[in-house]
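**Student:** Let me see the structure of the following:
(chains A and B)
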Protein chains: 2
Amino acid sequence: MEPSLEPPTNFAMVEEGIYRSGFPRPVNFPFLRSLQLRSIVYLCTEPYPEENLSFLRLQNIRLFQFGIEGKTEPFVPIPRETITEALKVLIDVRNHPVLIHCKRGKHRTGSLVGCLRKLQGWCLSSVFEEYQLFAGAKSRVTDMRFIETFDVTQLRQCPYSVIYRYQGYSSNKRRLMYGEESVQKPQVASS
Amino acid sequence: MEPSLEPPTNFAMVEEGIYRSGFPRPVNFPFLRSLQLRSIVYLCTEPYPEENLSFLRLQNIRLFQFGIEGKTEPFVPIPRETITEALKVLIDVRNHPVLIHCKRGKHRTGSLVGCLRKLQGWCLSSVFEEYQLFAGAKSRVTDMRFIETFDVTQLRQCPYSVIYRYQGYSSNKRRLMYGEESVQKPQVASS
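**Tutor:** Got it, this is the predicted structure:
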């Protein structure tokens, strides 16, 4: 009989090499081990619990903490700069597979994933549909406004984003390998 | 300005190479093209619409139709044999990337994904959490009973399942490539 794997609450795959969830508890560690994670993007201000830290050390998983307040009322605006920095870690394929999580995997995680979807060129209604899928009755208009007004233009130019588009986006990966572009590329003689 | 991609409703990534969604409409075709799909597992009894069929022909995507009734009342039991056959297509990595869809991506798709999660060794409460995430207020106890009583033992023995475990499960892929097993494998001299 195989062991019964228990993913963290609100767990899902976002993209190849990118996962999302609520806060992982020790009971979820065997499942996390099965993902062979290289890094975790943690979006709370609270220090990471010692038992989670020692799991990370054991598995050689790197922790990136971007402290964002999770208060419900009054809403503290999500700092744009922090989301930008988190996105840079997220699209750096050297950090994959990566798990994004906050406390419940709804608001902070949902906002970050929403900005990633914008970077991927998703239309806003689909970005919101996904945000609401995970946030459910707890959906916040403030988060959706944040996603809507988050500007991805600059991020699109950053080197990690360009690499990610060729390595990570499922839309381009196979095209790069088999597509006309690579076939028709003019050859430069070496030396 | 990049084109605004519109995924089908209830779209999500299930696993590497496996996606799920509601019925794709022509407006979703550019997004589907970006997934570079090799096949579609379609779970309704109705014939596939002509415009979808011609998109599939154009993109060289293979259609696997497993007709399951979607009636709400009285519930027609999901045929176990059909789900087993659909699972075999799903875990055959030659069909990846594959998109599973029915009409809304809730019940039939949710039941099939639930059985896949059992095959992957997920505990039942996590399987149900995922089912309910997508079915929301439309969750059906009958679907969850179906998933609970669906026996994956036989499927675990089938060759596709064994191949999938080594190629597809994220838990084993990297281990197979870099793990001790491959290093310690005794070499057989050729002729």
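
**Student:** Nearest residue to residue A:86 in space, please, no chain neighbours.
**Tutor:** Among residues not flanking residue A:86 along the chain, residue A:66 sits closest, at 4.5 Å (Cβ to Cβ, 6 or more residues apart in numbering or on different chains). The C-beta positions use only the backbone N, C-alpha and C, and glycine is treated the same way.

**Student:** could you measure that neighbour against residue A:135, distance?
**Tutor:** 19 Å (Cβ to Cβ, to the nearest Å).

**Student:** try residue A:83
**Tutor:** 16 Å.

**Student:** which residues of chain A fall in strands?
**Tutor:** Counting by DSSP state E, the segments of chain A that form strands are A:12-15, A:18-21, A:39-42, A:62-65, A:98-101.

**Student:** Tell me, please, where in chain A the pLDDT is lower than the cut-off.
**Tutor:** Low-confidence segments of chain A (pLDDT under 70): A:1-3, A:72-75, A:165-191.

**Student:** at 90 what do you get?
**Tutor:** A:1-4, A:69-78, A:153-191 (pLDDT under 90).

**Student:** Helices along that one, start to end?
**Tutor:** With DSSP state H, the ranges of helices along chain A come out as A:29-35, A:50-59, A:80-90, A:108-119, A:124-135, A:141-149, A:153-157, A:159-167, A:170-178, A:180-184.

**Student:** for the ones you listed, which one sits closest to residue B:91?
**Tutor:** helix A:29-35 (16.4 Å; Cβ to Cβ).

**Student:** buried set for that closest one?
**Tutor:** Within helix A:29-35, the residues that qualify as buried by neighbour count (16 or more other Cβ atoms under 10 Å in any protein chain shown) are A:29, A:31-32, A:34-35.

**Student:** Double-check residue A:55 against residue A:30; I have them as touching.
**Tutor:** No - checked against Cβ atoms under 8 Å, the pair residue A:55 and residue A:30 is beyond contact range at 10.3 Å.

**Student:** re earlier: dump the strands of chain A to TSV, plus distance to chain B and mean neighbour count.
**Tutor:** What follows is these, written out as TSV (distance: least, Cβ to the nearest Cβ, whole Å; neighbours: other Cβ atoms under 10 Å in any protein chain shown):
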stretch	distance to chain B	mean neighbour count
strand A:12-15	4	20
strand A:18-21	9	23
strand A:39-42	14	24
strand A:62-65	16	15
strand A:98-101	12	24
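
**Student:** Present those strands as JSON lines; the columns should include distance to residue A:140.
**Tutor:** Formatted as JSON lines, the strands of chain A follow (distance: least, Cβ to Cβ, whole Å):
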{"stretch": "strand A:12-15", "distance to residue A:140": "19"}
{"stretch": "strand A:18-21", "distance to residue A:140": "17"}
{"stretch": "strand A:39-42", "distance to residue A:140": "20"}
{"stretch": "strand A:62-65", "distance to residue A:140": "22"}
{"stretch": "strand A:98-101", "distance to residue A:140": "17"}
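
**Student:** Quick check: which of those strands is nearest to residue B:8?
**Tutor:** Between those, strand A:12-15 lies closest to residue B:8; by Cβ to Cβ that is 16.3 Å.

**Student:** Thank you kindly, that will do.
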